[in-house]
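Student: compute the structure for the input listed below.
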Amino acid sequence: MKGKAKNKNPRLALTKRNVKTWGYAYLFIAPTVLGVLILNLWGVIQSFYYSFHEVKGFNAPIFIGLDNYVRLFSDKEVWISLKNVFVYAIITVPIGVMLSLLLAVLLNAKIKGKSFFRCIYFLPVVSAPAAVALVWKWLYNKDFGLFNQMLNEMGISGPDWLGDPGMAMISVAIVGIWSMVGYNMILLLAGLQDVPGELYEAAEIDGAGPFQRFLKITVPMVSPTLFFVIVTSIISALQVFDVIFMMFKPSAPAFRSVESIVYLFYRYTFTNYNKGYGSTIVVVLFAIIMVLTVIQLQLQKKWVHYND
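Tutor: Numbers count the residues shown, from 1 in each chain. Alright, predicted model coming up:
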């Protein structure tokens, strides 16, 4: 009997220790979980609630049903801003993802100074968005910006990068691509580390060239990471705000050609103090992102290969 009792005690002690360990684990992730619940989930619920109300300034919400949604679908500004973010996404996502993958493949090869190049390409990620926007605004300056100075040296008249409505979106897209490449490159580089070198050796023996090895081995093996990068890049592109906010004034001639849906939400919510209509805008954006993400989740079954 005593022997049996002794055998049970270690199990009880082990169980208690596991519970204690789990308790510490949950304690460590509690701040992040609380942050997500309070800042993100509660914000979504509150925005959805406000979208059915008229909320101006600090006044109490007044229920108005679907009036905000009826107004939104007939608002030309909303459609223009949606067109702008989709154009921005169409420009930045394919180019940014392809550049990220190309740089990841190059940095995965045996070259000198890999760590240095990784740090250089990752710098935009850790740089403050305000500082980045101000530097690019100076580079784009029509009169004394670096880009136009270089073009003038070659005898080419530089464009008005931020003043011309035809060039403004391209200028913003360049900054967006420059900002996203480093982060996506690191993710794809991590995915490339898991590709067995034996596959490349076998393909080379079979006579496959570098381009064939890239298409037949690299892309399929890194496709889960590539899928994640594409989804997050599209979401980020549809939510572009900080670069536009820092580089353009609402009175600028080219502002209407770059105004994003998030900027429109900011203007109605924090400038016009119409939180009800602003919430409606962001709820529609949330719905668009959800629909696009679901579509991508369905399409990924045809080209994403998971290693079981």
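Student: switch to C-alpha atoms for all contacts and neighbour counts from now on
Tutor: OK.
Student: next helix or strand past the helix or strand where Gln149 lies?
Tutor: Under the criterion of DSSP states H and E, Gln149 resides in helix 146-153. Following helix 146-153 in sequence order, the next helix or strand is helix 165-192 (DSSP H and E).
Student: quick one: list the elements packing against the helix or strand following that following helix.
Tutor: Using DSSP H and E, the helix or strand that follows helix 165-192 in sequence is helix 197-205. When contacts are defined as 3 or more CA pairs under 8 Å, 6 or more residues apart in numbering; DSSP states H and E, helix 197-205 packs onto helix 210-213.
Student: downstream of the helix it packs on, the next helix or strand is which one?
Tutor: Going down the chain from helix 210-213, the next helix or strand is helix 219-238, by DSSP H and E.
Student: now that next one: buried residues?
Tutor: Residues of helix 219-238 classed as buried: 219-227, 229-231, 233-238 (neighbour count, 16 or more other CA atoms under 10 Å).
Student: ok, now stretch 294-307?
Tutor: Buried, per 16+ other CA under 10 Å, within stretch 294-307: Val304.
Student: what's the answer for stretch 144-161, then?
Tutor: Buried-residue list, stretch 144-161, by 16+ other CA under 10 Å: 145, 147-149, 158-161.
Student: next: stretch 78-91.
Tutor: Neighbour-count burial for stretch 78-91, counted by 16+ other CA under 10 Å, picks out 78, 80-85, 87-89, 91.
Student: can you give me how far that stretch is from the chain middle?
Tutor: Taking CA atoms, centre = their mean, to the nearest Å, one finds the center of stretch 78-91 at 15 Å from the center of the full chain.
Student: repeat for stretch 199-212
Tutor: 34 Å.
Student: for stretch 49-60, same thing?
Tutor: With CA atoms, centre = their mean, you get 29 Å for stretch 49-60.
Student: please identify the buried residues of that stretch?
Tutor: Neighbour count says stretch 49-60 has 49-56 buried, by 16+ other CA under 10 Å.
Student: and Ile29, how many neighbours?
Tutor: Each residue near Ile29 was counted by other CA atoms under 10 Å, and the total is 10.
Student: just the pLDDT for the residue lying closest to Thr293 once chain neighbours are set aside.
Tutor: Setting aside the residues directly before and after it, Thr293 is nearest to Val231 in space (CA to CA, 6 or more residues apart in numbering), at 6.8 Å. With respect to pLDDT, Val231 has a value of 95.
Student: if we can go back for a sec, let's have the buried residues of stretch 144-161 in CSV, adding distance to Phe286 and pLDDT.
Tutor: Listed next are those as CSV, based on distance: CA to CA, whole Å; pLDDT from 0 to 100:
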residue, distance to Phe286, pLDDT
Gly145, 37, 87
Phe147, 37, 91
Asn148, 39, 90
Gln149, 42, 90
Gly158, 39, 85
Pro159, 36, 89
Asp160, 34, 90
Trp161, 31, 91
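Student: list just the nearest of those residues to Gln193.
Tutor: Phe147 (37.1 Å; CA to CA).
Student: contacts only, for the closest one.
Tutor: Going by CA atoms under 8 Å, 6 or more residues apart in numbering, Phe147 touches 139-140, 158.
Student: which of those residues lies closest to Tyr200?
Tutor: Distances from Tyr200 to those, taken by CA to CA, are shortest for Leu139, at 42.4 Å.
Student: contact partners for the closest one?
Tutor: 145-147.
Student: domains for the protein, by residue range?
Tutor: The chain breaks down by automatic domain parsing into domains covering 2-50, 74-302.
Student: so for Leu66, which of these sits nearest?
Tutor: Per CA to CA, nearest to Leu66 of the domains of the chain: domain 74-302, 9.7 Å.
Student: how long is the closest one end to end?
Tutor: End-to-end distance of domain 74-302: 37 Å, with CA to CA, to the nearest Å as the criterion.
Student: and stretch 190-203, by the same measure?
Tutor: So stretch 190-203: terminal residues 22 Å apart, CA to CA.
Student: list the buried ones in it?
Tutor: Neighbour counts over stretch 190-203 (16+ other CA under 10 Å) mark 191-192, 200, 203 as buried.
Student: Serialize the residues you listed to TSV and add fields for distance to Gly43.
Tutor: As requested, these are exported to TSV (distance: CA to CA, whole Å):
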residue	distance to Gly43
Gly191	33
Leu192	37
Tyr200	48
Ala203	51
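Student: quick check, nearest of those to Lys20?
Tutor: Nearest to Lys20 among those: Gly191, at 34.5 Å, using CA to CA.
Student: okay, now the unreliable bits of this protein?
Tutor: The model of the chain has pLDDT under 70 over residues 1-17, 308.
Student: ok, now how distant is the spatially most central residue of it from Ala89?
Tutor: Centroid-nearest residue in the chain: Ser236, 2.8 Å away (criterion: CA atoms, centre = their mean). Distance, Ser236 to Ala89, by CA to CA: 9 Å.
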